[in-house]
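In: coords please:
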Amino acid sequence: MDYGHPERAERLAADYAVGTLRGGARRRFERLLPAHPALAAATAAWAERLQLLAGQVAPVEPPPSVWTTIQTRLFGATEGESTSMSTPPPTSAADAYPSAAGRAALAGPLRFWRGLSAVALAASVVLAVMVARPVPEAAPIVVVLRSTPEGVELVKTGFVASVSADGRALVLKPLAPVVIDAAHALELWAVPKAGAPRSLGLIAAGDVPTTVTRANLLADTQAFAVSLEPSGGSRTGKPTGPIVSAGGI
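Out: A predicted model of the protein is given here:
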């Protein structure tokens with residue numbers, strides 16, 4: 001699944017932020033965040049939106065007369081009590097907790113108000129999603145880096161690079177686990193139309209995706225390539241070993 005797709009990232013991030021993504025799906029989403037910049041950015045944006053929404057609700061302290069009105073409607077009162085709006089709230093446990101008959105009378109209204117609160121919360125979340133959802137961005141660019149004849153013998157795997165549409169993030173995934181000895185390393189390069197390739201860093205071993213975040217990844221870039229270098233990477237800033245995998249944009 002392409003988690004860099006803007007609409008998919010926005011949908012998953014929204015479900016995660018409002019709490020509708022649960023259980024194993026939620027834990028799997030959290031494991032994906034470090035390797036997928038688009039998911040991480042969408043999740044951070046949704047957290048900020050909901051925080052702003054919550055900050056717009058000012059706390060309100062009800063007047064003392066509210067408690068008297070609730071008591072009167074639920075349990076009844078004498079004529080003098082029902083018209084009085086200045087009775088203070090309960091000051092003891094006996095006053096605060098109604099009798100068994102009172103609790104039975106209170107259960108129905110409580111269920112109503114709790115249900116109403118749940119509906120209001122759901123409506124506010126839906127409204128936030130509808131209002132705050134940004135205009136979908138362009139889809140990421142996917143580049144397949146195929147093994148070269150030398151690469152088939154040396155590394156035995158190709159790669160798939162997913163580059164965000166704004167050219168600020170790249171996720172490189174091996175098609176099979178990368179197996180390489182301790183004396184060597186794989187290095188990723190951005191190959192321009194003219195001039196020397198630019199190093200984008202070393203590639204992780206195993207089946208772990210490699211994430212690159214920097215500005216203008218696609219600027220003057222015609223292809224991506226992977227070279228076999230000494231441990232720690234090229235010492236010259238240019239590829240020194242064989243190109244084991246490459247793919248044009």
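In: every contact and neighbour count from this point should use C-alpha atoms.
Out: Will do.
In: quick one: the strands in this structure?
Out: For the chain, the strands defined by DSSP state E cover 141-147, 159-163, 169-174, 184-192, 198-202, 210-213, 221-230, 243-248.
In: so for the longest one, mean pLDDT?
Out: Spelled out, it's strand 221-230. Mean pLDDT, strand 221-230: 93.
In: what angle do that strand and strand 159-163 make?
Out: Here strand 221-230 runs at an angle of 130 degrees relative to strand 159-163 (axes from the mean of the first three to the mean of the last three Cα atoms, to 10 degrees).
In: picking up where we left off before, would you list the strands of the chain in CSV and tack on mean neighbour count?
Out: CSV is the format used below for those (neighbours: other Cα atoms under 10 Å):
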stretch, mean neighbour count
strand 141-147, 20
strand 159-163, 22
strand 169-174, 22
strand 184-192, 21
strand 198-202, 18
strand 210-213, 19
strand 221-230, 21
strand 243-248, 21
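In: in this structure E229 contacts T240, no?
Out: Yes - contact criterion Cα atoms under 8 Å: E229 and T240 qualify, at 6.5 Å.
In: shared neighbours, the two?
Out: Overlap of the contact sets of E229 and T240 (by Cα atoms under 8 Å, 6 or more residues apart in numbering) is empty.
In: to L21, which of the strands of the chain lies closest?
Out: When these are compared by Cα to Cα, strand 169-174 sits nearest L21, at 24.0 Å.
In: and that closest one, what does it pack against?
Out: On a contact count with 3 or more Cα pairs under 8 Å, 6 or more residues apart in numbering; DSSP states H and E, strand 169-174 meets strand 159-163, strand 210-213.
In: save those as JSON lines, and put in distance to F224 too.
Out: As requested, these are exported to JSON lines (distance: least, Cα to Cα, whole Å):
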{"stretch": "strand 159-163", "distance to F224": "8"}
{"stretch": "strand 210-213", "distance to F224": "13"}
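In: closest to E150 out of those?
Out: E150 lies closest to strand 159-163 among these, at 15.0 Å (Cα to Cα).
In: so what strands line up beside that closest one?
Out: Strand 159-163 sits in its sheet next to strand 141-147 (antiparallel), strand 169-174 (antiparallel), going by DSSP bridges.
In: the first one vs strand 243-248, what angle?
Out: Translated: strand 141-147. 150 degrees.
In: name the residues that touch strand 141-147?
Out: Residues outside strand 141-147 that contact it (Cα under 8 Å, 6+ apart): 156-165, 224-225, 244-249.
In: can you count the residues close to S234?
Out: S234 has 20 neighbours, counted by other Cα atoms under 10 Å.
In: now tabulate the helices and strands packed on strand 169-174 in a markdown table and tack on distance to T20 and mean pLDDT.
Out: Listed next are these as a markdown table, based on distance: least, Cα to Cα, whole Å; pLDDT from 0 to 100:
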| stretch | distance to T20 | mean pLDDT |
| --- | --- | --- |
| strand 159-163 | 28 | 89 |
| strand 210-213 | 28 | 90 |
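In: tell me which of these lies nearest to E48.
Out: Using Cα to Cα, the nearest of those to E48 is strand 210-213, at 21.7 Å.
In: if we can go back for a sec, of all the strands of the chain, which one is nearest A38?
Out: Closest approach to A38 among these is made by strand 169-174 (8.2 Å; Cα to Cα).
In: quick check: mean pLDDT across that closest one?
Out: Across strand 169-174, the average pLDDT comes to 90.
In: please export the C-alpha coordinates of that strand as PDB.
Out: Output in PDB follows, covering the C-alpha atoms of strand 169-174 (Å, rounded to 0.1, in the frame of the first residue of the first chain):
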ATOM      1  CA  ALA A 169      10.900  13.500   1.300                       C
ATOM      2  CA  LEU A 170      11.900  10.200  -0.200                       C
ATOM      3  CA  VAL A 171      11.300   6.700   1.100                       C
ATOM      4  CA  LEU A 172      13.400   3.900  -0.500                       C
ATOM      5  CA  LYS A 173      12.200   0.300   0.100                       C
ATOM      6  CA  PRO A 174      14.200  -2.800  -1.000                       C
END
